[in-house]
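Undergrad: Show me how the following folds:
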Amino acid sequence: MVRMDTVSARSNLALIHFVRDELQRLGVRARLTFNADKTKANLFATLGEGKPAGVILSGHTDTVPWDGQAWSDSPLAGNVRDGRLYGRGSADMKSFIALAVAHAQTFLDSQAPFAVHFAFSYDEEVGCFGVRELIADLRDAGIRPLACIVGEPTSMVPAIAHKGVYRYKCCVRGKEAHSSLTPRSVNAIEMAARLVGKLRDMAEGFEREEPRYAGFDVPFSTASVGQFHGGIADNVVPRDAEFRYEFRDLPTADAYAMQAQVVAHARSLEPAMKQVAPDAGFRFETICEIPSFLGSAEDPVTRLAQRLSGERRTTLVAFGTEAGLFKNAGIPTVVCGPGSIEQAHQPDEYVSLEQLARCEAFLRGLAGTRELA
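TA: Below you'll find the predicted structure:
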């Protein structure tokens with residue numbers, strides 16, 4: 001699977017069809033749900049048809065690109081050396097998917113009182129878009145899983161919370177003029193800068209005032225601007241500007257309220273802009289909204305993951321996953337998988353064979369489980 005190029009900008013169908021065919025060989029039918037142009041698909045399959053409910057093993061099939069990174073070998077080589085499997089997606093998160101599929105027969109032979117579901121999605125890395133279709137498909141089909149294990153790289157330590165990721169684009173329309181005639185213009189960059197300043201004020205407010213959530217590397221919500229574009233020449237007052245920004249909200253915070261503050265500040269700036277140019281103003285687009293995740297150490301699925309992983313502790317992770325979407329759909333969820341996020345998205349991404357062995361033991365244990373708690 002590491003040797004399959006499934007960068008988010010490209011198709012994931014080679015991997016999805018490979019898994020579908022492997023399952024078909026075992027007599028398991030997979031459900032595929034496609035994106036609009038049929039170039040990408042989610043896969044959902046049930047191993048143990050007829051059992052009353054099941055545990056989802058969830059993974060995303062897409063990877064981030066490697067453009068401009070200094071790799072020692074091809075990112076698609078999938079080489080094993082010095083006790084490590086190298087390649088894009090080795091840690092994030094094809095190893096978990098591959099190991100789950102490799103244990104399909106084990107799950108089919110299992111005497112566990114629940115089925116195992118495979119839920120493999122597209123476009124997680126760019127906004128968790130595919131899994132929303134997958135979850136909707138489960139709801140429409142009347143499938144109500146008992147629990148979900150998202151196999152993101154946590155070094156096999158069960159994770160019970162992560163922040164949300166909410167990204168937006170702001171497009172500012174002003175009115176151009178020669179730079180010697182600024183009173184006749186609306187400077188889009190300058191108006192955008194006022195909104196960027198608001199975001200910075202909010203970020204400093206989170207750091208200064210928000211109640212801390214112990215366990216996160218940064219124990220408060222954050223706001224930041226990632227891109228800014230505008231202007232065509234030094235002596236032309238810019239008509240247009242655009243910037244992108246994000247909130248990473250604690251599970252106890254409200255990202256929609258944060259965005260509402262930004263929009264309200266923009267609307268307060270518009271009357272003066274429109275006095276000069278009636279069509280001037282701010283327009284917002286949503287890039288992605290990935291909800292935060294908050295499970296519990298007391299959830300049966302968390303206790304199950306602890307028992308299978310041999311870990312008595314739980315952890316919190318800084319990165320976003322699909323876990324919040326499963327949890328919001330009413331499915332108790334935990335995040336636990338092989339590898340470390342410190343290797344993910346990096347040149348020479350790798351997962352250790354020791355981590356793969358621990359995940360194998362985890363999956364074999366799941367097949368042998370007689371109860372979730």
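Undergrad: Every contact and neighbour count from this point should use C-alpha atoms.
TA: OK.
Undergrad: so Ile331 makes contact with Pro145?
TA: Yes. With contact taken as CA atoms under 8 Å, Ile331 and Pro145 are classed as touching, separated by 6.7 Å.
Undergrad: Need the overlap of contacts for the two.
TA: Common neighbours of Ile331 and Pro145 are not found (criterion: CA atoms under 8 Å, 6 or more residues apart in numbering).
Undergrad: What count of nearby residues applies to Ile160?
TA: 22 (other CA atoms under 10 Å).
Undergrad: can you tell me the helix or strand for it?
TA: The secondary structure element spanning Ile160 is strand 159-162 (assigned by DSSP states H and E).
Undergrad: Let me see the mean pLDDT of that strand.
TA: When the per-residue pLDDT values of strand 159-162 are averaged, the result is 98.
Undergrad: helices or strands up against it?
TA: Using 3 or more CA pairs under 8 Å, 6 or more residues apart in numbering; DSSP states H and E as the contact criterion, the elements in contact with strand 159-162 are strand 293-294, strand 315-317, strand 333-335.
Undergrad: which is the next helix or strand following it?
TA: From strand 159-162, the next helix or strand downstream (DSSP H and E) is strand 165-173.
Undergrad: Show me what that following strand packs onto, helices and strands only.
TA: Counting contacts by 3+ CA pairs under 8 Å, 6+ apart, strand 165-173 is packed against helix 188-209, strand 240-248, strand 281-290.
Undergrad: Out of these, which is the most enclosed?
TA: For the helices and strands packed on strand 165-173, the largest average neighbour count (mean count of other CA atoms under 10 Å) is found in strand 240-248, namely a mean of 22.
Undergrad: Give me the sheet partners of that strand and which way each runs.
TA: According to DSSP bridges, strand 240-248 forms sheet pairs with strand 165-173 (antiparallel), strand 222-230 (antiparallel).
Undergrad: what would the helices and strands packed on strand 159-162 look like in CSV with mean pLDDT?
TA: CSV is the format used below for the helices and strands packed on strand 159-162 (pLDDT from 0 to 100):
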stretch, mean pLDDT
strand 293-294, 98
strand 315-317, 96
strand 333-335, 98
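Undergrad: what's the most buried one of those?
TA: strand 333-335 (a mean of 32).
Undergrad: So which elements touch it?
TA: Identification of packing neighbours for strand 333-335 by 3+ CA pairs under 8 Å, 6+ apart yields strand 147-150, strand 159-162, helix 300-309, helix 323-328.
Undergrad: what residue ranges in this structure score low on pLDDT?
TA: Applying pLDDT under 70 to the chain flags the ranges 373.
Undergrad: Give me the domain ranges for it.
TA: Partitioning the chain according to automatic domain parsing yields domains covering residues 13-162+292-367, 165-290.
Undergrad: number of nearby residues for the nearest residue to Glu285 once chain neighbours are set aside?
TA: For Glu285, the nearest residue in space outside its immediate sequence neighbours is Lys169; the separation is 5.1 Å by CA to CA, 6 or more residues apart in numbering. By other CA under 10 Å, 19 other residues sit near Lys169.
Undergrad: Lys169 contacts Phe282, doesn't it?
TA: No. Contact between Lys169 and Phe282 fails when scored by CA under 8 Å: they sit 10.3 Å apart.
Undergrad: Tell me how far stretch 26-33 lies from the chain's centre.
TA: Taking the mean of its C-alpha atoms, stretch 26-33 sits 24 Å from the chain's own mean (CA atoms, centre = their mean, to the nearest Å).
Undergrad: Also stretch 107-116?
TA: Remark: stretch 107-116 is offset 29 Å from the chain centroid, using CA atoms, centre = their mean.
Undergrad: Tell me which of the helices and strands packed on strand 333-335 sits most buried.
TA: A comparison of the helices and strands packed on strand 333-335 by mean neighbour count, using mean count of other CA under 10 Å, puts strand 159-162 on top with a mean of 27.
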